[in-house]
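K.L.:
Quick one, fold the following:
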Amino acid sequence: MSGSADERIPDLRDHVLTQVLPFWERHSIDRDHGGFTTHLARDGRITDSSAKFLVMQTRMIYSFAAGFDSGGSAEWLKLAGQGVDFLLRHFRDPVHDGWYWSTARDGRPRQITKRTYGHAFSALALAEYARVTGERRPLAAAVHTWSLISNFLWDVENEGVIEACDRAWWTTDKSHRMGTHLHVLEALLALGQAARDNRFLPLIRSICDLLVTRMVEAHHQCGLEYFSPDWQHDPRRSRNLVDYGHNLEAAWLLLRVHRQEDVPAYRDTARQFLDYCLRFGLDRVHGGVFSHGPLGREATVREKIWWVQCEAMVAFLLGYLVFGEREYWQAFQQVASFCMTHLHDPDHGEWFPSAEEDGTPRRTDKGSGWKAAYHVTQACCYAQQYLSEVERSG
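P.N.:
Model prediction:
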């Protein structure tokens, strides 16, 4: 066993502190209205400032709070705090409660639907900020957000979370999706850390149980993405493709819970997902993980998307810590090296959103309605923690 990463892989926490978050500090802060502008070109120029999206605002709050907690500037905690203020002032629905999906730049409501995905990220960001600062108001808002999810967005009949309601909480989409459940699980883990008690543990277990009983394709032992309200797989919506990124994210989260709870079913399902992605998703020639592929067959969508690489880094590395399989360690090295060589932009900082199979950038913008600092920040900070564990284990 080798205890040190490939020489092309820098200190990942330092990478966040010097190459990732400074880019967002320079370019994303809305000094006029508060919150963050996340549609950014390669050099940080704003490409669209017309709207602010719930998921992007909360991801930036999380990122600056986590960056500060990892040794970053005290200014980052202030930036996270002004993001929390903007969120509480403008995204919260004063009539029906809950969080709007988007606002105009100045905070006027735009899309007023209530989506589970956005509520999960609101709970995650507020919990992370509360954990770092010890402030009660954001923690109370995070816990309240979970109560809204459980009261309005939980499927009492079939279990799990539904996708969406209208502003007044009338259900508009009763389907189930793996990705949404993963972020709800992530939010519950953050709530447990912030509250420093076990009140969320039964809920964490309930989501993990759904992952291992409802979302696994039995023959190929991989995770499936889309389901009807009664949990029948919907291959039409997934185009019969397996999402490697969500399989890796599920493996990572299941292993995190397993390390706390020692649940063999969580450990074994995580290993199945890791092995499936090793077999079909990992590019052993160029490094990195492909995007999608048909069930039980070679990847066909061979683009390398930034967030998939982020999930792969932490999943393979934690898999190595749990199982001791050298193949997981090598997969982590291959993915991390690909990211530092091809996705990281040494000229302007941050990462490109996607690359071709050989590493040539497909797009060079840095931020959008779905990309901000969150994935890279989270992955690098956790990965550095896991690397420290590898070093200590010798």
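K.L.:
pLDDT weak spots in this protein?
P.N.:
Counting by pLDDT under 70, the chain contains low-confidence ranges at 1-8.
K.L.:
hmm, try it at 80
P.N.:
1-9, 394 (pLDDT under 80).
K.L.:
Just the CA trace of the helix or strand hosting Asn151, in CSV.
P.N.:
Per DSSP states H and E: Asn151 is located in helix 136-152. In CSV, the C-alpha atoms belonging to helix 136-152 read as follows (Å, rounded to 0.1, in the frame of the first residue of the first chain):
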residue,chain,number,x,y,z
ARG,A,136,-28.8,29.4,16.2
ARG,A,137,-30.8,31.2,13.5
PRO,A,138,-29.5,29.4,10.5
LEU,A,139,-29.7,26.0,12.3
ALA,A,140,-33.3,26.7,13.2
ALA,A,141,-34.0,27.6,9.5
ALA,A,142,-32.3,24.4,8.4
VAL,A,143,-34.3,22.2,10.8
HIS,A,144,-37.5,24.0,9.8
THR,A,145,-36.6,23.3,6.1
TRP,A,146,-36.5,19.7,6.9
SER,A,147,-39.9,19.9,8.6
LEU,A,148,-41.3,21.3,5.3
ILE,A,149,-39.7,18.4,3.4
SER,A,150,-41.2,15.9,5.7
ASN,A,151,-44.6,17.5,5.8
PHE,A,152,-45.1,18.4,2.2
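K.L.:
I'd like to know how far the closest residue to Phe152 other than its chain neighbours sits from Asn158.
P.N.:
In this structure, Phe152 finds its nearest non-sequential neighbour in Trp169, 4.5 Å apart by Cβ to Cβ, 6 or more residues apart in numbering. Yep, even glycine has a C-beta here, placed from its N, CA and C like the rest. Computed as Cβ to Cβ, to the nearest Å, the Trp169 to Asn158 distance reads 18 Å.
K.L.:
any idea how far stretch 311-330 is from the chain center?
P.N.:
18 Å (Cα atoms, centre = their mean, to the nearest Å).
K.L.:
Show me what the next helix or strand after the helix holding Asn151 is packed against.
P.N.:
Next helix or strand after helix 136-152 toward the C-terminus (DSSP H and E): strand 164-165. Applying 3 or more Cβ pairs under 8 Å, 6 or more residues apart in numbering; DSSP states H and E, one finds that strand 164-165 makes contact with strand 114-115, strand 171-173.
K.L.:
Buried residues, the helix holding Asn151. List them.
P.N.:
Neighbour counts over helix 136-152 (16 or more other Cβ atoms under 10 Å) mark Pro138, Leu139, Ala141, Ala142, Val143, His144, Thr145, Trp146, Leu148, Ile149, Phe152 as buried.
K.L.:
so how far is that helix off the chain centroid?
P.N.:
Taking mean C-alpha positions (Cα atoms, centre = their mean), helix 136-152 and its chain are 19 Å apart.
K.L.:
Please, where are all the helices along the stretch 1-150 of the chain?
P.N.:
12-15, 21-27, 54-69, 74-86, 116-133, 136-152 (DSSP state H, counting those that start in this stretch).
K.L.:
Mind listing what's buried along the shortest one?
P.N.:
Burial within helix 12-15, assessed by neighbour count using 16+ other Cβ under 10 Å, is assigned to Leu12, Arg13, His15.
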